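# coords please:
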Amino acid sequence: MAKNPKVLSGQVAAITGAARGIGKATAEAFVRQGMKVAIGDLDVAEAQKAADALGSGVIALELNVTDKDSIEKFLDETERQLGPVDVFVNNAGIMPLSKFWEEDDATARRIVDINLHGVIWGTKAALRRMIPRNRGAIVNIASQAGLFGAPGGATYSASKFAVVGLSEAVRGELRLAGHDIQLSYVCPVVVNTELGHGTAQTAGVKMVQPSDVADAIVDALQYGVVDVHVPKSVKRIQKVTALLPRRGSEAIARALKADRVLFEADPNARRAYELRAAKSEPGLETGDEQKQLTA
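The predicted structure follows:
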C-alpha cells in the first residue's frame, strides 16, 4: 500500500544560500506546498529579490554560514517572523575547480568552511531548536561527487563526502536517542546553475535543473527519503558499480565520462562564477584575484 505523503502546508522552512540556484528553486517549491520560507544568503539584496518575487510568507535574511553567530541570528529571526522552524535546508556551497596540486590553500579552506563547517554548524543550530520539540526535518545538499572521488574537484568532493557521512551518523544518533527528527541528504549530478557552468557532460546522465532537485527535496520531506539521488536513475548506477571490482567500476566511469565532468571544465565559461566564489567568505583574505581563480 502506497505511503500517504506528509502535508507540508503551513510549515516553516529556512534555507541557506537560497538567493540563487537550488536554494531559490527549493524556496519556490516550498511556497507551492503552502510553506512559509526564510531565504538566507550572503547576498541579501539578491535574497530580497527572490523573496519579493515569491510574495507573502517569504522573508530574506542576511546569512554567512561560516559564522556560527550569523546562523543563530538567521534562525532566531526566522522564528521571530515566521514561527518555529520545521524544515532546515543546508544548501549553501561553492565549487571552485582545479587540479588538486594547483589549488591554493585559501581556496581549500574556503570550500571546507562553507561546504562542511557551514553544514555542521547549521545542523547543530537547527537541532537545538528541533530536539526539545521532538519534530522537524533537516535536508543537507551533498552531491554525486560526495559518493565517488571526482577528479578536478578533489577538495569539493571531499567536502561532500563529509556531508554524506555526517548526515548518516547524525541520523543514526537521532534514532538511537529516540528523537523523531528526519534527516535527508541530496546527491544531484551537475545542476544547471552558475555553479555548474562549463562542466563537461557525461555520456549517460544529462545535467538536471534546479527545479528537479527542489522537487526531489519536497518528495523526500513528504515520504521520508533519506538518500536522495537526482535523477533517480543514478542510484541504480551506484548500486551496480558498488558490486563491481575497482577495475570494473572505473571502466564504467570512463565509459560514461563521469571522471571528466569536473576535470575538463571550461575555465572561460566558469570565470564569473569562480571569481564570485572566491569572494564568498568575507572573513578570509582573498589574496591575489588571479590566484584565487584556481581554474
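# okay, CA-based contacts and neighbour counts for the rest of this
OK.
# so how far is residue 185 from residue 43?
25 Å (C-alpha to C-alpha, to the nearest Å).
# low pLDDT regions in this protein?
1-2, 203-205, 252, 256, 279-295 (pLDDT under 70).
# So which other helices or strands are in contact with the longest helix belonging to it?
Scanning the chain for the helix with the most residues, using DSSP state H, yields helix 154-177. If you count contacts as 3 or more C-alpha pairs under 8 Å, 6 or more residues apart in numbering; DSSP states H and E, helix 154-177 packs onto helix 105-112, strand 137-141, strand 182-188.
# Just put those in TSV and tack on distance to residue 67 and mean neighbour count.
Shown next, in TSV, are these (distance: least, C-alpha to C-alpha, whole Å; neighbours: other C-alpha atoms under 10 Å):
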stretch	distance to residue 67	mean neighbour count
helix 105-112	12	19
strand 137-141	18	25
strand 182-188	22	24
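# Which one, of these, ends up nearest to residue 159?
helix 105-112 (5.9 Å; C-alpha to C-alpha).
# tilt between the closest one and helix 154-177?
Using axes from the mean of the first three to the mean of the last three C-alpha atoms, to 10 degrees, the direction of helix 105-112 lies 30 degrees away from that of helix 154-177.
# Pull helix 105-112 out as PDB, backbone CA atoms only.
In PDB, the C-alpha atoms belonging to helix 105-112 read as follows (Å, rounded to 0.1, in the frame of the first residue of the first chain):
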ATOM      1  CA  ASP A 105      45.300  26.900   0.400                       C
ATOM      2  CA  ALA A 106      42.800  29.800   0.800                       C
ATOM      3  CA  THR A 107      40.500  28.200  -1.700                       C
ATOM      4  CA  ALA A 108      40.700  24.800   0.000                       C
ATOM      5  CA  ARG A 109      39.900  26.400   3.400                       C
ATOM      6  CA  ARG A 110      37.000  28.400   1.900                       C
ATOM      7  CA  ILE A 111      35.500  25.200   0.400                       C
ATOM      8  CA  VAL A 112      35.700  23.300   3.700                       C
END
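# Mind listing what's buried along the helix or strand following that helix?
From helix 105-112 onward toward the C-terminus, using DSSP states H and E, the following helix or strand is helix 118-133. Residues of helix 118-133 classed as buried: 118, 119, 120, 121, 122, 123, 125, 126, 127, 129, 130 (neighbour count, 16 or more other C-alpha atoms under 10 Å).
# dump the residue contacts of the third one.
For residue 120, the contacting residues are residue 166, by C-alpha atoms under 8 Å, 6 or more residues apart in numbering.
# can you do 10 Å?
65, 66, 68, 90, 113, 114, 140, 162, 163, 166, 167 (C-alpha atoms under 10 Å, 6 or more residues apart in numbering).
# Dump those residues into TSV; add distance to residue 22 as well.
Shown next, in TSV, are these (distance: C-alpha to C-alpha, whole Å):
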residue	distance to residue 22
65	16
66	19
68	22
90	11
113	19
114	16
140	12
162	20
163	17
166	21
167	19
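# Most neighbours among those residues, which one?
residue 65 (31 neighbours; other C-alpha atoms under 10 Å).
# roughly how far apart are the closest residue to that one other than its chain neighbours and residue 212?
Nearest non-adjacent residue to residue 65, counting by C-alpha to C-alpha, 6 or more residues apart in numbering: residue 118, 4.7 Å away. Going from residue 118 to residue 212 by C-alpha to C-alpha gives 24 Å.
# three-state assignment of the closest residue to residue 235 other than its chain neighbours?
Closest residue to residue 235 apart from its sequence neighbours, by C-alpha to C-alpha, 6+ apart: residue 229 at 5.9 Å. Put simply, residue 229 is strand when judged by DSSP: H, G, I helix; E, B strand; the rest coil.
# So residue 229 sits against residue 213, correct?
Yes: Residue 229 is within contact range of residue 213, at 8.7 Å (criterion: C-alpha atoms under 10 Å).
# Just want to know which of these two has more residues nearby.
Neighbour totals were compared for residue 229 and residue 213, and residue 213 leads with 27 against 23 (other C-alpha under 10 Å).
# dump the residue contacts of the more buried one.
21-23, 25-26, 29, 141, 186-189, 191, 219, 228-231.
# All good on my end, thank you.
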